[in-house]
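>>> here are the coordinates; sequence isn't available:
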């Protein structure tokens with residue numbers, strides 16, 4: 001086992017096959033920020049190489065350099081033992097490199113076939129549709145995709161879109177595939193299927209970089225693991241030579257995170273902020289009922305596709321309600337638009353922050369300002385926004401939520417995933433929203449950022465905000481005051497917390513499913 005703190009040198013040992021990719025002393029600076037400080041590592045054929053680290057530790061920047069998205073400030077990259085220069089994504093593609101990002105770069109209105117074969121047109125110049133369909137079907141068969149390849153990508157599930165992205169790589173015979181949080185939106189069954197595909201790809205000789213904050217996945221799949229911290233390599237481990245504590249120590253700098261304490265108890269007589277009764281949209285939500293009090297954290301437990309997200313969009317006025325009723329702060333709540341719901345005090349942090357909540361090219365300040373223009377206007381009745389007021393509000397949110405950004409004038413795209421999530425939080429905290437809906441709030445963020453987010457949630461509850469949290473990671477809901485279990489668009493159980501166990505929630509889910517099948 002090797003656990004260097006300085007990035008080390010080549011990992012290749014005497015007599016070992018030359019790695020497919022080997023990097024030496026890679027540095028990258030963005031202005032005054034040193035994103036990478038001498039990173040050296042390798043990717044071998046037929047091997048899954050796990051990359052872990054906190055958001056902002058340098059993993060994505062490193063892979064962006066290998067992928068030609070950004071250029072290194074200094075350092076060397078070798079492919080098949082030969083020093084090369086990767087100047088663009090097309091250069092990386094021509095080398096047989098493929099990248100499956102958390103935010104999949106697919107064309108929503110193109111069919112699965114058209115998305116799978118994009119590179120055949122752009123790189124290989126093959127435009128024959130029959131050839132495209134033949135190659136796409138071969139790739140789909142290889143990964144066990146059973147959906148119609150003629151279906152538009154926007155009509156596919158998250159798991160199916162992930163398979164389309166993998167098929168893109170197979171169509172061009174990728175030798176190296178980097179996967180960034182590929183299981184973030186998948187169910188347990190879909191994860192197992194993906195793992196089988198990854199193992200088969202590795203057995204066929206493909207080199208795989210696997211990035212995940214789920215350390216159990218890293219341990220299960222990886223032959224080697226590299227830990228990033230503050231732009232450096234903080235640890236290197238071979239399978240079987242490390243434990244969970246070693247990874248946590250490398251990621252956080254300490255052997256364990258501070259234990260989470262139970263949330264402050266809620267007064268049983270506290271006013272009900274939101275009451276939902278027999279809510280239905282006629283499609284994915286059929287009979288959802290729950291209530292949440294002022295200062296309470298309520299968990300919505302359920303598997304992917306259970307209807308939790310669709311329930312949130314109805315509360316927010318983003319989708320139509322077929323039947324049932326909602327009462328917000330003692331008044332009927334049936335918003336005809338998102339604007340009306342937000343004006344009534346409802347806020348949503350959606351599961352897809354980049355596409356649904358943030359303007360990635362805009363600044364931290366402007367993203368926090370969205371939805372808060374009233375308090376930032378120069379003159380009432382005019383559309384002018386005070387830059388000074390916007391700066392004061394955004395600075396206050398950066399401080400309150402511990403958002404790591406050099407200034408609030410930097411693009412939000414330059415922030416890590418965890419800090420981007422905090423920016424979305426900051427928008428609604430600045431507005432003093434009374435009902436906060438959180439949909440998969442810690443998806444794709446590291447264990448340290450996850451703890452900070454939960455601390456912020458608990459602080460908001462203490463200040464009187466009613467919080468409803470939907471999460472597929474059931475263990476995350478353990479410290480909610482109560483947990484409501486939703487299966488197939490129906491409320492099937494309510495479990496008193498805190499201290500709810502994952503087993504209790506799973507029992508409620510599967511017991512209902514067995515009763516329905518009986």
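Yep, that arrived. All values reported here derive from a predicted model rather than from experimental measurement.
>>> need the contact list for the closest residue to residue 440 other than its chain neighbours.
Excluding the flanking residues, the one nearest residue 440 by C-beta to C-beta, 6 or more residues apart in numbering is residue 351, at 3.9 Å. No exception for glycine: its C-beta is placed from N, CA and C like everyone else's. Counting by C-beta atoms under 8 Å, 6 or more residues apart in numbering, residue 351 touches 185, 309, 439-440, 443.
>>> any idea how far residue 351 is from residue 68?
Residue 351 sits 30 Å away from residue 68, taking C-beta to C-beta, to the nearest Å as the criterion.
>>> toward the C-terminus, what is the element adjacent to the helix or strand of the chain with the lowest mean pLDDT?
Lowest on mean pLDDT, DSSP states H and E among the helices and strands of the chain sits helix 118-122, with a mean of 71. Next in sequence after helix 118-122, counting helices and strands by DSSP states H and E, comes helix 129-143.
>>> pull the number of nearby residues for residue 35.
22 (other C-beta atoms under 10 Å).
>>> surely it and residue 231 touch.
Yes. The criterion here is C-beta atoms under 8 Å, and residue 35 meets it with residue 231 at 5.5 Å.
>>> what touches both of those two?
Common contacts of residue 35 and residue 231, defined by C-beta under 8 Å, 6+ apart, comprise 28, 58, 61.
>>> if you skip the residues just before and after it, what's nearest to the second one?
Read that as residue 58. residue 231 (4.3 Å).
>>> list the contacts of the one you found.
Residues near residue 231 by C-beta under 8 Å, 6+ apart: 28, 34-37, 39, 57-58, 61.
>>> could you redo these as TSV and give each row pLDDT?
Formatted as TSV, the contacts of residue 231 follow (pLDDT from 0 to 100):
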residue	pLDDT
28	94
34	86
35	89
36	93
37	94
39	95
57	82
58	88
61	90
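>>> for those residues, which one is nearest residue 246?
Distance to residue 246 across the contacts of residue 231 (C-beta to C-beta) is lowest for residue 57, with 15.9 Å.
>>> can I take it that the closest one is in a strand?
No. Going by DSSP: H, G, I helix; E, B strand; the rest coil, the assignment for residue 57 is coil, not a strand.
>>> and it, how many neighbours does it have?
Using other C-beta under 10 Å: residue 57 sits among 26 other residues.
>>> for the closest residue to it other than its chain neighbours, grab phi and psi.
Nearest non-adjacent residue to residue 57, counting by C-beta to C-beta, 6+ apart: residue 228, 4.0 Å away. Main-chain dihedrals, residue 228, degrees, to the nearest 10: phi -100, psi 140.
>>> quick check: residue 228 touching residue 63?
No. Assessed by C-beta under 8 Å, residue 228 is found out of contact with residue 63, at 10.6 Å.
>>> intersection of neighbour lists for those two?
Counting by C-beta under 8 Å, 6+ apart, the residues touching both residue 228 and residue 63 are residue 51.
>>> could you measure from residue 321 over to residue 96?
Residue 321 sits 50 Å away from residue 96, going by C-beta to C-beta.
>>> now do residue 413
Residue 413 sits 28 Å away from residue 96, going by C-beta to C-beta.
>>> can you tell me the closest non-neighbouring residue to residue 469?
In space, and not counting its chain neighbours, residue 469 is closest to residue 438: 4.6 Å by C-beta to C-beta, 6+ apart.
>>> how about that neighbour, what does it touch?
Each residue near residue 438 by C-beta under 8 Å, 6+ apart is listed here: 348-349, 457, 467-470.
>>> can I get those in a markdown table with distance to residue 359, secondary structure and neighbour count?
Shown next, in a markdown table, are the contacts of residue 438 (distance: C-beta to C-beta, whole Å; DSSP: H, G, I helix; E, B strand; the rest coil; neighbours: other C-beta atoms under 10 Å):
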| residue | distance to residue 359 | secondary structure | neighbour count |
| --- | --- | --- | --- |
| 348 | 16 | strand | 26 |
| 349 | 15 | strand | 23 |
| 457 | 24 | helix | 23 |
| 467 | 25 | strand | 24 |
| 468 | 25 | strand | 26 |
| 469 | 25 | strand | 24 |
| 470 | 24 | strand | 24 |
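>>> buried sites along stretch 407-420?
Using 16 or more other C-beta atoms under 10 Å as the test for burial, stretch 407-420 gives 408, 410, 412, 414-420.
>>> okay, residue 321 and residue 96: which has more neighbours?
residue 321 (20 against 17).
>>> tell me which element the closest residue to that one other than its chain neighbours is part of?
Spatially, and ignoring its direct neighbours in sequence, residue 321 is nearest to residue 314 (5.0 Å; C-beta to C-beta, 6+ apart). Assigned by DSSP H and E, residue 314 belongs to helix 308-315.
>>> what helices and strands are in contact with that helix?
Using 3 or more C-beta pairs under 8 Å, 6 or more residues apart in numbering; DSSP states H and E as the contact test, the elements touching helix 308-315 are strand 272-280, strand 346-349, strand 435-439, strand 466-471.
>>> count the residues that sit near residue 138.
Residue 138 has 12 neighbouring residues, counting by other C-beta under 10 Å.
>>> again but with residue 396, I slipped
Using other C-beta under 10 Å, residue 396 has 14 other residues around it.
>>> which positions within the host helix or strand of residue 341 qualify as buried?
Counting by DSSP H and E, the element that carries residue 341 is helix 338-343. By neighbour count on 16+ other C-beta under 10 Å, the buried set for helix 338-343 is 338, 341-342.
>>> stretch 44-51 too?
44-45, 47-51.
>>> dump these into CSV; add secondary structure and distance to residue 267 as well.
Converted to CSV, the buried residues of stretch 44-51 look like this (DSSP: H, G, I helix; E, B strand; the rest coil; distance: C-beta to C-beta, whole Å):
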residue, secondary structure, distance to residue 267
44, coil, 59
45, coil, 61
47, coil, 56
48, strand, 50
49, strand, 51
50, strand, 46
51, strand, 46
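>>> name the nearest of these relative to residue 334.
Nearest to residue 334 among the buried residues of stretch 44-51, with distances taken as C-beta to C-beta, is residue 51, at 46.9 Å.
>>> tell me the bridge partners for the closest one.
Going by DSSP bridges, residue 51 is paired in beta bridges with residue 211, residue 226.
>>> contact partners for it?
59, 62-63, 209-211, 225-226, 228.
>>> let's see it at 10 Å
41, 43, 57-60, 62-63, 178-180, 209-212, 218, 222, 224-228 (C-beta atoms under 10 Å, 6 or more residues apart in numbering).
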